[in-house]
Structures are given as structure tokens and as C-alpha cells.
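A structural model of the following input is requested.
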Amino acid sequence: MDAIDRLLEHDRWATGRLLELSRSLTDEHLDRQFDIGHRTLRATYEHLIFIVEFWTRLARGQSIEEFDRADATIDGLSRRHERVYDDFAALARQMRDEGRLDDTFVDHWGERMTFGGVIMHVILHNAEHRTEAVHILHRLDAPGLPEEVEVDHGLWDLTERSA
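Numbers count the residues shown, from 1 in each chain. Below you'll find the predicted structure:
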């Protein structure tokens, strides 16, 4: 497994794990306002998933005008996460395999962005917002949540090697 595969698989797993841990939460939990990030857990998850789809579409030269955000339940967000992440990971691996990580495309500001740069941007962006989601989960003190919520790379690596 190379570094890109490792980063992609950890990123996919970490967001999926947080969504899975949130299955027992009520709408009140998901929509409770906090003084961090996108203010609610649901909004944070929606943003994480949206960004993956947004940048994948831009990099593919596709429209960024309309996004299907209708189903914001945990089930709906989980399905959307898997669907958009499949597309993002396929793009990232294609650019790696074709040796095109330093090739560029035009972003939404009309600037040149490298494919390798957008891959790293999405992964690092997601890590930042997952930290906010973990913070919110800890502050919710909701029944059914583990005492400690962790999604770091070390845990993923251990989980993968143990499987």
C-alpha cells in the first residue's frame, strides 16, 4: 500500500467511523448548536461529504452547480459518503497511476490547482473537520457513544493490520 492508498483509506474509514458512531444519536443531538466549526454535527458531516464531491467534480471538469443534499439522515449521509468517496478515490488513484499528480486543472476561483494538491487538500480538510466532529461528540455526552472517540491514523493502521 503506497502513501496515497494509505491516506485515502484512512480518510474514508475515519469519516465512515464517525458516521457509524452517530447512528444512535437523535435529531436533537445531531442538530445541537456548538461554538465550533459548522456548529452542529449534522452540518459538519454534510460539509465533509460536500467538499469531497465538490473538489472531485472540479478536478473532473464537471458542474458544481447542483448537489443532492436531500437526505441528511445518518443513513443518507453514509450512503452519500461512500458514493462520493468512491469517485474521489478513483480520481486520486487514476492521477497517481497516470503520473499526473503535478498536472493542473482550473478551480472555482479560476486558479490552477494540481491534482496532487487537491488530493492532499481534501484529506487534510477532512481531518480538520473530523477533529471538530470528535469534539462535538465528546461534548454531547449521549448514550451509546464510547467514552473515547478516536479516528486517528494509528488506530486505523492497527485495525487494518489486525483484520
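
so where do the helices sit in the protein?
3-21, 27-31, 41-60, 74-97, 115-140, 153-162 (DSSP state H).

and the second one, what does it pack onto?
Right, helix 27-31. When contacts are defined as 3 or more C-beta pairs under 8 Å, 6 or more residues apart in numbering; DSSP states H and E, helix 27-31 packs onto helix 41-60. Every C-beta, even on glycine, is put in place using the N, C-alpha and C of the backbone.

what are the buried residues along the helix it packs on?
Within helix 41-60, the residues scored as buried using 16 or more other C-beta atoms under 10 Å are 41-49, 51-59.

send over it as CSV, restricted to the C-alpha atoms.
Listed next in CSV are the C-alpha coordinates belonging to helix 41-60 (Å, rounded to 0.1, in the frame of the first residue of the first chain):
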residue,chain,number,x,y,z
LEU,A,41,-22.6,17.5,14.0
ARG,A,42,-25.0,17.1,11.0
ALA,A,43,-23.7,20.3,9.4
THR,A,44,-20.1,19.1,9.9
TYR,A,45,-20.8,15.8,8.3
GLU,A,46,-22.7,17.4,5.4
HIS,A,47,-19.7,19.7,4.9
LEU,A,48,-17.1,16.9,5.0
ILE,A,49,-19.0,15.0,2.3
PHE,A,50,-19.8,18.0,0.2
ILE,A,51,-16.2,19.0,0.0
VAL,A,52,-15.2,15.6,-1.3
GLU,A,53,-17.8,15.8,-4.0
PHE,A,54,-17.1,19.5,-4.8
TRP,A,55,-13.4,19.1,-5.4
THR,A,56,-13.8,15.8,-7.3
ARG,A,57,-16.3,17.4,-9.7
LEU,A,58,-14.0,20.4,-10.2
ALA,A,59,-11.0,18.2,-10.9
ARG,A,60,-13.1,16.2,-13.4
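
quick check: mean pLDDT of stretch 148-155?
Stretch 148-155 carries an average pLDDT of 91.

so what's the gap between it and the chain middle?
Averaging C-alpha positions (C-alpha atoms, centre = their mean, to the nearest Å) puts stretch 148-155 15 Å from its chain's average.

which outside residues touch it?
6, 10, 13-15, 17-18, 21, 130, 134, 137-138 (C-beta atoms under 8 Å, 6 or more residues apart in numbering).

got TSV for those residues, with neighbour count too?
What follows is these, written out as TSV (neighbours: other C-beta atoms under 10 Å):
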residue	neighbour count
6	14
10	22
13	18
14	23
15	25
17	17
18	23
21	19
130	21
134	18
137	19
138	12
